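A.B. asks: Just the structure for this:
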Amino acid sequence: MVKRRGPDALLDLFPKRRVLVVGDLMLDQFVRGKVGRISPEAPVPVVAVSEDSWMPGGAGNVCCNLAALGASVSLVSAIGADAAGGQLLAELRARGMDTSPILSDPTLITTQKCRIVAEHQQVVRVDRESSHPLPAALQRELLERLGRAVLQSDALVISDYGKGVVTRAVAHGALRAARKHGVPVIVDPKVEHFKLYKGVDCITPNMAEAWGGMRLTPKAGEEAVRALGRRILKSLRLRSLLLTRSEKGMTLFEAGGAIRHIPARSREVFDVTGAGDTVVAVMALALASGAKLFEAAILANAAAGVVVGKLGTATTTREELRAALAEGAA
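C.D. replies: Residues are numbered from 1 along each chain as shown. Purely as a prediction, here's the structure:
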């Protein structure tokens, strides 16, 4: 068992850890330019393109967060044997990730989200995707690859975006493999799949996902939040639940009954895109490094504070996280 350590020592251990991510991959494309006129064909702006860029999205952004923190990353997922899939694999490999467990199949469509951005303003987003569950044969192949990859992993993240990879069979197979080898499981949940995550070490929903996952109407007040957290913890038999609450910070619920709140970091918020991916990545790395649940949650909260201060889908480094922790302690 890994010894308990302080925040600095935990951060030093991140590059020595390998995290396995299972979930829905996406390719995020950004087409940037300027608007100088309105189209004569329709009342829409004409964007003169100056730049195209691509980056991994969905579970891929969790992987980017892990890699930025120094961890070794393996990814189990399924994509189409199409141009978007090829671009996605190239982007992942360029960031040093192990893509060998990823299935590429001609019957699938790689999820792609193309954002047209003019002067920092998103004009429109174009999506190509299919959210049908993977065929049974592909699910079996995915689980075989997962079973091999988990043997070399210190933590398992399930990044569920509801695009067909995280089925009941895949979720249950992943949990069985992780438990067999004593690997902690941290889940970024999808509302419709809450019941698939029974018995995991931690799930990290935001408030909308928490209420929706339990099929409950949102209620105001701290006592309602505490009651909701206790209900989720009991219903899913979790080791812990980390509720992310935007400007209100985070609340950690532990199976032993402890409920502790962590205030949000006081910094200007530019963009909350991808903050949930950062939270689940840091929780996984911290727990893999021997952190207690509350220590891991503090690190995750600090990391979220860093990324929301950046424009667009962002990550944080160990150096930035170390500085944020020092600033919070001052």
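A.B. asks: which one in this protein is furthest away from the centre?
C.D. replies: Using Cα atoms, centre = their mean, the residue of the chain lying farthest from its centre is residue 40. It sits 41.8 Å away.
A.B. asks: Where do the strands of the protein begin and end?
C.D. replies: 18-23, 25-38, 45-58, 72-76, 78-80, 103-105, 111-118, 121-128, 155-159, 185-188, 202-203, 240-244, 250-254, 259-262 (DSSP state E).
A.B. asks: Other residues contacting the first one?
C.D. replies: This points to strand 18-23. 58-59, 62-63, 66, 71-77, 146, 149-150, 152-161, 165-166, 170, 174, 183, 188, 281, 284-285, 288 (Cβ atoms under 8 Å, 6 or more residues apart in numbering). Backbone N, C-alpha and C define where each C-beta goes, glycine included.
A.B. asks: Just the buried ones from those?
C.D. replies: With neighbours counted by 16 or more other Cβ atoms under 10 Å, the contacts of strand 18-23 contain buried members at 58-59, 62-63, 66, 71-77, 146, 149-150, 153-161, 165-166, 170, 174, 183, 188, 281, 284-285, 288.
A.B. asks: mind listing what residue 124 touches?
C.D. replies: 115, 116.
A.B. asks: quick revisit: tabulate the strands of the chain (CSV), appending mean pLDDT.
C.D. replies: Below are the strands of the chain laid out as CSV (pLDDT from 0 to 100):
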stretch, mean pLDDT
strand 18-23, 97
strand 25-38, 93
strand 45-58, 92
strand 72-76, 95
strand 78-80, 96
strand 103-105, 95
strand 111-118, 93
strand 121-128, 91
strand 155-159, 97
strand 185-188, 96
strand 202-203, 96
strand 240-244, 96
strand 250-254, 96
strand 259-262, 95
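A.B. asks: Relative to residue 179, which of these is closest?
C.D. replies: strand 185-188 (8.0 Å; Cβ to Cβ).
A.B. asks: burial measure for residue 94, as a count.
C.D. replies: Residue 94 sits with 10 neighbouring residues when counted by other Cβ atoms under 10 Å.
A.B. asks: now swap in residue 53 and tell me
C.D. replies: Residue 53 has 12 neighbours, counted by other Cβ under 10 Å.
A.B. asks: just checking, it touches residue 27?
C.D. replies: No. Assessed by Cβ atoms under 8 Å, residue 53 is found out of contact with residue 27, at 11.1 Å.
A.B. asks: For residue 98, see how far away residue 84 is.
C.D. replies: Residue 84 sits at a distance of 20 Å from residue 98 (criterion: Cβ to Cβ, to the nearest Å).
A.B. asks: Check the burial of residue 133 by counting its neighbours.
C.D. replies: 16.
A.B. asks: And for residue 141?
C.D. replies: Counted with other Cβ under 10 Å, residue 141 comes out at 16.
A.B. asks: Contacts only, for the closest residue to it other than its chain neighbours.
C.D. replies: Spatial nearest neighbour of residue 141, excluding adjacent residues (Cβ to Cβ, 6 or more residues apart in numbering): residue 103 at 6.1 Å. The contact partners of residue 103, taken as Cβ under 8 Å, 6+ apart, are 77, 78, 79, 138, 141, 142, 145.
A.B. asks: Top of those residues by number of neighbours, please.
C.D. replies: residue 77 (29 neighbours).
A.B. asks: got the contact list for the closest residue to residue 252 other than its chain neighbours?
C.D. replies: Using Cβ to Cβ, 6+ apart and skipping the chain neighbours, the partner closest in space to residue 252 is residue 297 (4.6 Å). Residues counted as contacts of residue 297 (Cβ under 8 Å, 6+ apart) are 242, 250, 252, 260, 262, 283.
A.B. asks: Looking at the residues you listed, which is nearest residue 108?
C.D. replies: Nearest member of those to residue 108, counting by Cβ to Cβ, is residue 283, at 29.4 Å.
A.B. asks: Against residue 234, how distant is the residue nearest the centre of the chain?
C.D. replies: The centre of the chain sits closest to residue 277, judged by Cα atoms, centre = their mean, with a distance of 2.8 Å. Residue 277 is 27 Å from residue 234, where distance means Cβ to Cβ.
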